[in-house]
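Participant: One predicted model, sequence on top.
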Amino acid sequence: MTDSVTPDIDFDALEKRYTEEREKRLRADGLGQYLSLSGTFSSFDADPNAPTAFEREPVERRTDIVIIGGGYGGLLTAVQLRKHNVTDITIIEKGADFGGTWYWNRYPGVRCDVESYIYVPMLEETGFVPSEKYAKGAEIYEQCRLIARKFDLYRDALFQTITKTLAWNETTQRWLVRTNRGDTIEARFVVSATGVYSSPKLPKIPGIEAFEGASFHTSRWDYAFTGGDTDGNLTGLKGKKVGVIGTGSTGIQCVPPVAEYADELYLFQRTPASVDIRGNRPTDISWFKSLPSGWETERVMNFTLWTSGVPQVEDMIDDSMSNLCRETAAQAVARSEGVDEDELNKAEILRMERVRRRVEAIVKDKTTAEALKPYFHYFCKRPGFSDDYLQVFNRRNVTLVDTGGNGIEKVTPRGIVVGGREYELDCIVYATGFDFMTSFTRESGLSIVGTGGRSLEEHWSHGAKTLFGMQTNGFPNLFLLSMVQAGMSVNYRHSADEQSKYVADLIFHCLKNEVGAVEPTAEAVEEWVGLCMELSGPNRRFHEKCTPSYLNFEGNRPPELELNAPFGGGPLAYFEYLEKTKADGFKGLLEFTRHVVK
Ligand code: NAP
């Protein structure tokens, strides 16, 4: 069937192609196709930013609050607590500084992919001005450190320290926190903010460990080998053949600088990314300085409203992502007005068709251009944006090795094999992503034992069960900042803002009112999980038909992760739940709460 408005588009054929492409990529091993950076592969996890660990004696301490993780979640929670004049906070962080994602991800070309004026926190409070609409990772990292200094968070922070176990002591009403450095810390409250993209993964390809050249994951970029820094200048790649595996948001950011410096670059592609216009530009300082007080909150909300399908008078961000969401919002209105689903689906296909035509317009070699065209529904994967990724395929030193959806066959001591051909390489870069919404205990590496000696692993053996994605019954005074059963904005910073305020307000409420232990009842948790499952239905059904990715558990969701979904009502409704609970002085929560006064 063709369409009268766009006569050259055969929508049925495209739908069929989407299904075929998906089926090519579905694998029985699903998430099992990946390896974590542990055991045999723990050398991949070494911190290239701070190769030597500093020495210190184990710490024995009693503290009000332990925060695990110094990325956005941990940092913002600590800031909110400081604003309540809570001073006794110990932050435990695996890296050698604050920053989380922005500490670890220092690959060349790293930038935020949501506008920096809404993604980088606390611009108004710190006076920090991002230099570009999509700021470089190094700037975001600096802003995290600036926030930590401004709120005196370095004081009791324990860096290069991995939290291993948390055990609730019923008698003292405290958590006993133990680390890999022999620290023992007794804390009234524990906030686990271990991150959402913090557990890197490698593909389980035979031979990885036997490769004799340099190889590393993008979140552990080896500048000692490549030379240069996040700005490029990768002089160590002169004369080198480099293979990059992965074409997600990371791959499309790191490929252009590598292409500029390596003698030869081979990009191994399993699924092409959708790559739309980025439109990055320097910050207009006079515009930035003219913004009225309170602009940041308003702008952050404007984006979340658009991306939640709530039309506004103005789109303050006005970029490819917000335009996309404006279209989606218009579609939601059309749907409510009874526009046929078929028509809406066509609009969605046309959107991706624009992306495919952009590939044709930029990439000169027809075979390469064809292989770079994505065939899946737009929101099946995190949309990609770049002004220089597709252009690299016009360079003579760049070869796209399209694996036809199969991925790499094997790694040999000399290189990578695809389709029976060995590509000899000096270096392999794994841009192969992170665990996402899988088992909390596996991703965080934490062993947690709550009341009655019950472990969180056992408690969640049939899936995560939370209230607001942050608390669970049987684990008093424990807060988990994650995306599971929480309402997430496309702009993670907005969600981190709201979750951190909620947690800090609740902890402050307990400290002020001498509430010894707070935890939701099993009934409250059951109710929230039920609501999450009910509301996440449409999104789950959409993703079940998608090409495999981390967003749909590689198309093969394990039964124990059945309940691992975001709150399906969207970020705005979620923020309202948090606000309402706070506004009534946590009464609703405390009524349903095991509530022990110390
Ligand atoms: P990702 O989106 O999960 O991409 C992983 C890539 O590795 C995919 O292209 C995947 O192919 C490929 N891959 C995996 N196994 C393979 C194999 N055996 N052979 C060949 N290719 C293989 O990871 P990411 O790019 O690191 O991005 C993860 C998320 O982090 C993003 O979605 C974004 O939310 C966030 N992020 C944000 C920024 C930013 O803000 N600037 C930057 C980077 C990342 P398939 O597509 O076929 O699975």
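Facilitator: Alright, I've got the coordinates.

Participant: residue contacts, the residue positioned nearest the centre of the chain?
Facilitator: Per C-alpha atoms, centre = their mean, the C-alpha nearest to the average position across the chain is that of Tyr197, at 4.1 Å. Shown in contact with Tyr197 (C-beta atoms under 8 Å, 6 or more residues apart in numbering): 101, 433-434, 436. Every C-beta, even on glycine, is put in place using the N, C-alpha and C of the backbone.

Participant: Make CSV out of the residues you listed and add pLDDT, neighbour count and secondary structure.
Facilitator: As requested, those are exported to CSV (pLDDT from 0 to 100; neighbours: other C-beta atoms under 10 Å; DSSP: H, G, I helix; E, B strand; the rest coil):
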residue, pLDDT, neighbour count, secondary structure
Thr101, 97, 21, helix
Gly433, 98, 23, coil
Phe434, 97, 23, strand
Phe436, 94, 19, coil
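
Participant: In this structure Leu267 contacts Val401, no?
Facilitator: Yes - with contact defined as C-beta atoms under 8 Å, Leu267 reaches Val401; the gap is 6.7 Å.

Participant: of these two, who's got more company?
Facilitator: Leu267 (26 against 18; other C-beta atoms under 10 Å).

Participant: from the chain's centre, how far out does the strand or helix carrying the more buried one sit?
Facilitator: In the assignment (DSSP states H and E), Leu267 maps to strand 264-269. Its chain's C-alpha centre and that of strand 264-269 lie 25 Å apart, by C-alpha atoms, centre = their mean, to the nearest Å.

Participant: Mind giving me the packing neighbours of that strand?
Facilitator: Counting contacts by 3 or more C-beta pairs under 8 Å, 6 or more residues apart in numbering; DSSP states H and E, strand 264-269 packs against strand 241-245, helix 249-261, strand 398-402, strand 415-418.

Participant: Report the closest residue of the stretch 201-350 of the chain relative to the ligand.
Facilitator: Nearest to the ligand in the stretch 201-350 of the chain, going by C-beta to the nearest ligand atom, is Gly248, at a distance of 2.3 Å.

Participant: Please name the nearest non-neighbouring residue to that residue.
Facilitator: Closest residue in space to Gly248, ignoring its immediate chain neighbours: Gly433 at 5.7 Å, by C-beta to C-beta, 6 or more residues apart in numbering.

Participant: and the gap between the residue lying closest to Pro520 once chain neighbours are set aside and Glu457?
Facilitator: Residue nearest to Pro520 in three dimensions, not counting chain neighbours: Leu467, with 3.9 Å by C-beta to C-beta, 6+ apart. Using C-beta to C-beta, to the nearest Å, we find Leu467 at a distance of 19 Å from Glu457.

Participant: okay, those two: which has more neighbours?
Facilitator: Leu467 (23 against 15).

Participant: related to what we said a few turns ago, next, the residue nearest to Gly248: phi, psi?
Facilitator: With angles defined as degrees, to the nearest 10, Gly433 sits at phi 80, psi -160.

Participant: Do I have it right that it meets Tyr550?
Facilitator: Yes - judged on C-beta under 8 Å, Gly433 makes contact with Tyr550 at a distance of 5.9 Å.

Participant: Identify the residues contacting the residue nearest to Gly248.
Facilitator: 197, 200-201, 246, 248, 250, 550.

Participant: What sits closest to whatever residue of the stretch 1-150 of the chain ends up closest to the ligand if chain neighbours are left out?
Facilitator: As assessed by C-beta to the nearest ligand atom, the ligand sits closest to Asp113 within the stretch 1-150 of the chain, at 3.8 Å. Setting aside the residues directly before and after it, Asp113 is nearest to Ser249 in space (C-beta to C-beta, 6+ apart), at 5.9 Å.

Participant: Could you list the domains of this structure?
Facilitator: Segmentation of the chain into domains, based on automatic domain parsing, reads 2-36+201-278+341-430, 60-98+153-199+436-594.

Participant: sorry, back to before: for the helices and strands packed on strand 264-269, give me JSON lines that also has mean pLDDT and distance to Thr235.
Facilitator: As requested, the helices and strands packed on strand 264-269 are exported to JSON lines (pLDDT from 0 to 100; distance: least, C-beta to C-beta, whole Å):
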{"stretch": "strand 241-245", "mean pLDDT": "98", "distance to Thr235": "13"}
{"stretch": "helix 249-261", "mean pLDDT": "98", "distance to Thr235": "7"}
{"stretch": "strand 398-402", "mean pLDDT": "98", "distance to Thr235": "18"}
{"stretch": "strand 415-418", "mean pLDDT": "98", "distance to Thr235": "22"}
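
Participant: right, so of these, which gets closest to Asn473?
Facilitator: Proximity to Asn473 (C-beta to C-beta) singles out helix 249-261 among those, at 36.0 Å.

Participant: name the helices or strands packed onto the helix or strand following the strand holding Leu267?
Facilitator: Counting by DSSP H and E, the next helix or strand C-terminal to strand 264-269 is strand 275-276. For strand 275-276, the elements it packs on are helix 341-362, strand 384-385, judged by 3+ C-beta pairs under 8 Å, 6+ apart.

Participant: Most tightly packed of the ones you listed?
Facilitator: Mean neighbour count, computed with mean count of other C-beta atoms under 10 Å, is highest for strand 384-385 among the helices and strands packed on strand 275-276, reaching a mean of 23.

Participant: Any idea how far apart the tips of stretch 262-280 sit?
Facilitator: The straight-line separation of the ends of stretch 262-280 (C-alpha to C-alpha, to the nearest Å) is 25 Å.

Participant: That one near the ligand anywhere?
Facilitator: Yes - Stretch 262-280 reaches the ligand (C-beta under 6 Å from any ligand atom) through 268, 270-271.

Participant: Just send these back as JSON lines, with pLDDT, distance to Ala329 and neighbour count too.
Facilitator: JSON lines is the format used below for the residues of stretch 262-280 next to the ligand (pLDDT from 0 to 100; distance: C-beta to C-beta, whole Å; neighbours: other C-beta atoms under 10 Å):
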{"residue": "Phe268", "pLDDT": "98", "distance to Ala329": "37", "neighbour count": "24"}
{"residue": "Arg270", "pLDDT": "98", "distance to Ala329": "32", "neighbour count": "19"}
{"residue": "Thr271", "pLDDT": "98", "distance to Ala329": "27", "neighbour count": "24"}
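
Participant: Do a quick rundown of the strands in the stretch 351-500 of the chain.
Facilitator: In the stretch 351-500 of the chain, the strands defined using DSSP state E, counting those that start in this stretch lie at 384-385, 398-402, 410-411, 415-418, 421-424, 427-430, 447-449, 478-480.
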